[in-house]
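Asks: next one to model:
(one chain, ligands or ions: 3)
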Amino acid sequence: MSASLTVVDHPLVRHKVALLRDRAAAPATFRRTMRELGALLLYEATRPLPLAETDIETPLERGRFPTLAEVPCFVSILRAGNGLIDGMLDMLPDASVGHIGLYRDHETLEAIEYYFRIPDDIARRPVLVADPMLATGHSAAAALSRLKQAGARRISFVCVLAAPEGARRLAETHPDVPVIAAALDRGLNDKGYILPGLGDAGDRTYGTL
Ligand SMILES: O=P(O)(O)OC[C@H]1O[C@H](OP(=O)(O)OP(=O)(O)O)[C@H](O)[C@@H]1O
Ligand SMILES: O=c1cc[nH]c(=O)[nH]1
Ligand SMILES: [Mg+2]
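Replies: Ligands and ions are numbered 1, 2, ... in the order given. Alright, predicted model coming up:
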């Protein structure tokens, strides 16, 4: 697998992923857990970000303390990416957010784009792309190509479940993009669903099953 794939091996993350997998989880539980995972995965995804010393006055004295040197830009792959972005925004509410609308053609499994709106200054910011599911990798690879065309340079990809097929595709097509996943699953079924997986993340988030 790609050297740039990080599978977050933390008991709390593993616990939350197991809750998402449960077919009995209602959309409200699913959304809340996805949001929590957005915050937990952001913790790992922001590890390489540079810090800058900032003047801060505590109640007792002045000092210089490290804060993030740049506020990142988040990019949601619609629809399901929004579930993770909510938790990422809980942690970094000043981040700007771009949206890329993509859905999978159910026959070819190719990604079809229907929306693209990103902040103008994307080239100057670290970019964190969020989509809970990395299955064949077509959607993620297409989103990353579009963002690079638009000038994005320092990009990471955050997902909940990665299939080996998707992780391989990203390592081949975008070897410069680190991938942070909460779990690496076994593979894909003949319809391109991740196994053991959690089902269709967009449908489970928004109750459109
Ligand atoms: O790696 P891939 O094989 O491309 O599959 C992953 C994509 O499939 C899901 O989106 P979907 O197409 O179901 O759209 P939705 O979020 O609107 O339901 C998921 O959220 C990813 O975007
Ligand atoms: O298992 C999968 C694969 C792609 N998209 C999903 O939402 N789930
Ligand atoms: Mg879907």
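
Asks: what's the local residue count around residue 59?
Replies: 4 (other C-beta atoms under 10 Å). The C-beta positions use only the backbone N, C-alpha and C, and glycine is treated the same way.

Asks: wait, residue 104
Replies: Each residue near residue 104 was counted by other C-beta under 10 Å, and the total is 19.

Asks: just checking, it touches residue 114?
Replies: No: contact criterion C-beta atoms under 8 Å: residue 104 and residue 114 do not qualify, at 11.9 Å.

Asks: quick one: low-confidence ranges for this protein?
Replies: The chain contains residues with pLDDT under 70 at 1-3.

Asks: centre-most residue in it?
Replies: Most central in the chain under C-alpha atoms, centre = their mean is residue 130, positioned 2.3 Å from the mean C-alpha point.

Asks: which ones are touching that one?
Replies: Residues counted as contacts of residue 130 (C-beta atoms under 8 Å, 6 or more residues apart in numbering) are 38, 74-77, 81, 84-85, 88, 158-159.

Asks: try residue 160
Replies: Per C-beta under 8 Å, 6+ apart, neighbours of residue 160: 17, 20, 34, 37, 41, 84, 132-133, 181-183, 198, 201.

Asks: would you confirm that it belongs to a strand?
Replies: Yes: residue state for residue 160 (DSSP: H, G, I helix; E, B strand; the rest coil) corresponds to a strand.

Asks: neighbours of the nearest residue to it once chain neighbours are set aside, how many?
Replies: Counting by C-beta to C-beta, 6 or more residues apart in numbering, residue 132 is the residue found nearest to residue 160 once chain neighbours are left out, at 4.1 Å. Around residue 132 there are 28 other residues, counting by other C-beta under 10 Å.

Asks: could you do residue 34 as well?
Replies: For residue 34, using other C-beta under 10 Å, the count is 26.

Asks: my guess is residue 138 contacts residue 113, does it?
Replies: No: counting by C-beta under 8 Å, residue 138 stays clear of residue 113, with 11.2 Å between them.

Asks: with neighbour numbers in mind, choose between the two.
Replies: residue 138 (22 against 13).
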